[in-house]
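S.K.: Below: sequence and its predicted model.
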Amino acid sequence: MTTPADLTAARALLAAASRVLLITHVNPDGDAIGSLLGFGLALRAAGKAVVMACADPVPDLFRYLPSAGEITAKPAGAFDCVVVLDVSEFARMGALGAALDRQPDLVFDHHVTNPGFGALNIIEVAAASTAELVAELLPDLGLALSQPVAECLLTGLVTDTLGFRTSGTTIKTLGIAQQLMAAGAKLNTIYDLALFKRSYSAVRLWAQGLARLHLKHGIAWALLPLEARKASGFQGIGDADLINVVASIREAEVAIVFVEQADGKVKISWRCGPGLNVAAIAIEFGGGGHAPAAGAEVAGTLEEVEKRVLAVTRARLKANGVPAET
Ligand code: 5GP
Ligand code: MN
């Protein structure tokens, strides 16, 4: 829970800063990029020198956002304040975290698994997205909601709620979306650009994954070996949100996508409906996230990791009373 004292401290910290470094998580999604840019542009409008950073490149589909081209993997110079957004644990900053010579000053996040790794932590698990949290707090922090800021924040809000349909979407979420629209963000355009429209190669990646799709014991899972990624022509690093397609399977209690990485690791995404908690499974594999959506990166071959993860997920479903024949 954020206290008024936390907000006063955050406001004072930002007011005193002149060069601010903002960092979001590796393999960035719409909330990562949207909250990074939204907060960064709001700070800049308040007269701060701001550098926005991510260890991985901005996915093509978020390039429409103002200043997306400015996001850098190599922030240069000295900073008197480091703010971290949508990052569930220190390690999720990747190389940027490893290069930091100090504890982050301020963390804004909404992940239940966040240990609070900043000097000051504003973590609201009830927020459907970090962008929602940032939008809500702008007035408390003395920052203005301009049209470009609203466009970035609505992108984070729309993508993390999958278009206002996740269990975390609340009346408050919709109220904040309304404020962002009132500030000039275009919902239908953002929905199309960030969530609905895909590149041909991204859909070809889905085709590769869907050709390796399985359903057993209430678990639907798809595999993306390196050769499948190559065959699709998809240049991005993630699964192009294939997980959302797998999660649409009615017969599945849990959906999983396994993405083989070039470094000998496998990136795993889990999704589930209400009543289950895949973050608890992800934690067992060194990852984290939210009860309905979590991820981890595990060393091993695709086959080994698939076997281990399916066994643990199945055991968890059994413990939750989901029968094996579903
Ligand atoms: P995704 O499956 O889309 O990569 O991630 C789902 C959720 O889990 C996101 O909120 C993401 O931040 C979190 N997440 C994904 N991978 C990891 C990980 O390796 N460690 C932690 N702590 N969280 C993760
Ligand atoms: Mn998020």
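M.R.: Structure's in. What do you need? Ligands and ions are numbered 1, 2, ... in the order given.
S.K.: Please make it C-alpha for all contacts and neighbour counts, starting now.
M.R.: Will do.
S.K.: Walking through the stretch 201-326 of the chain, point out its strands one by one.
M.R.: 213-216, 219-224, 254-260, 265-272, 288-289, 293-299 (DSSP state E, counting those that start in this stretch).
S.K.: buried residues in stretch 94-105?
M.R.: By 16 or more other C-alpha atoms under 10 Å, the buried positions in stretch 94-105 come out as Gly94, Leu96, Gly97, Pro104, Asp105.
S.K.: any idea which of those residues is closest to Arg11?
M.R.: Asp105 (12.0 Å; C-alpha to C-alpha).
S.K.: Would you check that that closest one makes contact with Val82?
M.R.: Yes. The pair Asp105 / Val82 is scored as a contact, 5.3 Å apart, by C-alpha atoms under 8 Å.
S.K.: Of the strands of the stretch 201-326 of the chain, flag the one that's most buried.
M.R.: strand 254-260 (a mean of 27; mean count of other C-alpha atoms under 10 Å).
S.K.: That one pairs with which strands, parallel or anti?
M.R.: strand 219-224 (parallel), strand 265-272 (antiparallel) (DSSP bridges).
S.K.: Now find how far off-centre it is within its chain.
M.R.: Relative to the chain's own centre, strand 254-260 is displaced by 16 Å; criterion: C-alpha atoms, centre = their mean, to the nearest Å.
S.K.: Other residues contacting it?
M.R.: Residues outside strand 254-260 that contact it (C-alpha atoms under 8 Å, 6 or more residues apart in numbering): 218-226, 238-239, 242-243, 246-247, 266-273, 301-302, 306.
S.K.: For Pro115, which non-adjacent residue is closest in space?
M.R.: Using C-alpha to C-alpha, 6 or more residues apart in numbering and skipping residues adjacent in sequence, the residue nearest Pro115 is Glu89, 6.7 Å away.
S.K.: Asn320 - nearest residue in space that isn't next to it in sequence?
M.R.: Per C-alpha to C-alpha, 6+ apart, closest to Asn320 is Leu276, 7.5 Å.
S.K.: can I get the buried residues of stretch 94-105 in JSON lines with distance to Leu210?
M.R.: Shown next, in JSON lines, are these (distance: C-alpha to C-alpha, whole Å):
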{"residue": "Gly94", "distance to Leu210": "30"}
{"residue": "Leu96", "distance to Leu210": "34"}
{"residue": "Gly97", "distance to Leu210": "35"}
{"residue": "Pro104", "distance to Leu210": "40"}
{"residue": "Asp105", "distance to Leu210": "43"}
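S.K.: what residues are up against Glu70?
M.R.: Counted by C-alpha under 8 Å, 6+ apart, Glu70 has contacts Met52.
S.K.: still on that earlier bit, which among the strands paired with strand 254-260 is found nearest to ligand 2?
M.R.: strand 265-272 (14.1 Å; C-alpha to the ion).
S.K.: that older thread, can you tell me the number of residues neighbouring the residue nearest to Pro115?
M.R.: Number of residues near Glu89 (other C-alpha atoms under 10 Å) recorded here: 19.
S.K.: If you average the pLDDT over the longest helix along the chain, what comes out?
M.R.: Once the chain is assigned using DSSP state H, the helix that runs over the most residues is helix 302-319. What helix 302-319 shows for mean pLDDT is 96.
S.K.: sorry, back to before: check the gap between the residue nearest to Pro115 and Ser167 for me.
M.R.: 23 Å (C-alpha to C-alpha, to the nearest Å).
S.K.: Could I get the full set of helices for the stretch 51-200 of the chain?
M.R.: Taking DSSP state H, counting those that start in this stretch as the criterion, the stretch 51-200 of the chain carries its helices at 95-99, 130-137, 147-160, 171-182, 187-190, 200-210.
S.K.: Contacts for the fifth one next, please.
M.R.: Helix 187-190 is touched from outside by Glu151, Leu154, Thr155, Val158, Met181, with contacts defined as C-alpha under 8 Å, 6+ apart.
S.K.: Ligand 1 next: which of those are close?
M.R.: Residues of those in contact with ligand 1 (C-alpha under 6 Å from any ligand atom): none.
S.K.: Save these as TSV, and put in pLDDT, neighbour count and distance to ligand 2 too.
M.R.: Converted to TSV, the contacts of helix 187-190 look like this (pLDDT from 0 to 100; neighbours: other C-alpha atoms under 10 Å; distance: C-alpha to the ion, whole Å):
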residue	pLDDT	neighbour count	distance to ligand 2
Glu151	98	26	16
Leu154	98	32	12
Thr155	98	31	11
Val158	98	27	11
Met181	98	16	20
